[in-house]
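*Asks:* here are the coordinates; sequence isn't available:
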């Protein structure tokens, strides 16, 4: 049983397209996250959701929008994709803000 | 602003050669420090949580320790399968996020 699963694992798309990445966790956690890992492998927070409410939204372009249909799911929708959006995107979840987060396997997004 | 700095950026060890990785942090009130392991093409895998200075946690060949300013991940007699990038992170004060360091890429040569 995968604790945090995200799909797809690989996504290749053209500039200007709109795409979504799905994430589901079966850990019963209250908080879910989206992180971006750039080419230098640096992990940076994009969004956090706690009990279906957006808690923080770092300086992320508004082309990115998280959507949480329920506590176990946090999807990431990206409009008008740009070359610079190419990266690995990780979904994660934790019990609360001060406990360890568990990560999905990542989605490698390549914009061409 | 919370800051996490890891050193060295990369470390090559011979199999069996013990060493330590460093994670120094600047946070307004430490609420825990987490160590993760990341293999190529995979998500970070949780290893340890440390909450207070003096605390130690062990798992197989790994031991994590914590002081008021830094944490160390000690690797004793490493094996090639310990090769990975090791990340440390701290929770942000009052916000739902982890601030990560840039990681130490460990290579263990047979």
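*Replies:* Thanks, I have the structure now. All values derive from a computational prediction rather than experimental measurement. Residues are numbered from 1 along each chain as shown, chains lettered A, B, ... in the order given.
*Asks:* Flag the shaky bits of chain A, pLDDT-wise.
*Replies:* Judged by pLDDT under 70, chain A has its weakly predicted residues at A:1.
*Asks:* where exactly do the strands run in it?
*Replies:* Using DSSP state E, the strands of chain A run over A:4-7, A:10-13, A:19-25, A:31-37, A:43-50, A:53-57, A:64-70, A:73-78, A:87-94, A:101-103, A:107-111.
*Asks:* Tell me the spacing between residue A:10 and chain B.
*Replies:* According to Cβ to the nearest Cβ, to the nearest Å, residue A:10 stands 10 Å off from chain B. C-beta coordinates here come from the backbone N, C-alpha and C atoms, glycine included.
*Asks:* Go ahead and flag the most central residue of chain A.
*Replies:* residue A:34 (3.2 Å; Cα atoms, centre = their mean).
*Asks:* Using CSV, lay out the strands of chain A together with distance to residue B:86.
*Replies:* Below are the strands of chain A laid out as CSV (distance: least, Cβ to Cβ, whole Å):
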stretch, distance to residue B:86
strand A:4-7, 20
strand A:10-13, 25
strand A:19-25, 24
strand A:31-37, 15
strand A:43-50, 13
strand A:53-57, 26
strand A:64-70, 28
strand A:73-78, 26
strand A:87-94, 16
strand A:101-103, 14
strand A:107-111, 21
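*Asks:* Which one, of these, ends up nearest to residue B:28?
*Replies:* Proximity to residue B:28 (Cβ to Cβ) singles out strand A:53-57 among those, at 16.2 Å.
*Asks:* Phi first, then psi, for residue B:25.
*Replies:* phi -140, psi 150 (degrees, to the nearest 10).
*Asks:* And residue B:54, how close does it get to chain A?
*Replies:* 19 Å.
*Asks:* hang on, that residue packs against residue B:66?
*Replies:* Yes - contact criterion Cβ atoms under 8 Å: residue B:54 and residue B:66 qualify, at 7.1 Å.
*Asks:* And the two? Which one has more around it.
*Replies:* residue B:66 (24 against 9; other Cβ atoms under 10 Å in any protein chain shown).
*Asks:* Please name the nearest non-neighbouring residue to the more buried one.
*Replies:* Of all residues not flanking residue B:66 in the chain, residue B:50 sits nearest, at 4.0 Å (Cβ to Cβ, 6 or more residues apart in numbering or on different chains).
*Asks:* neighbours around the one you found, how many?
*Replies:* Neighbours of residue B:50 (other Cβ under 10 Å): 20.
*Asks:* which residues does it contact?
*Replies:* Residue B:50 is in contact with B:32, B:33, B:34, B:35, B:56, B:57, B:64, B:65, B:66, B:71, counting by Cβ atoms under 8 Å, 6 or more residues apart in numbering or on different chains.
*Asks:* and if we set it to 7 Å?
*Replies:* Neighbour list for residue B:50: B:32, B:33, B:57, B:64, B:66, B:71 [criterion: Cβ atoms under 7 Å, 6 or more residues apart in numbering or on different chains].
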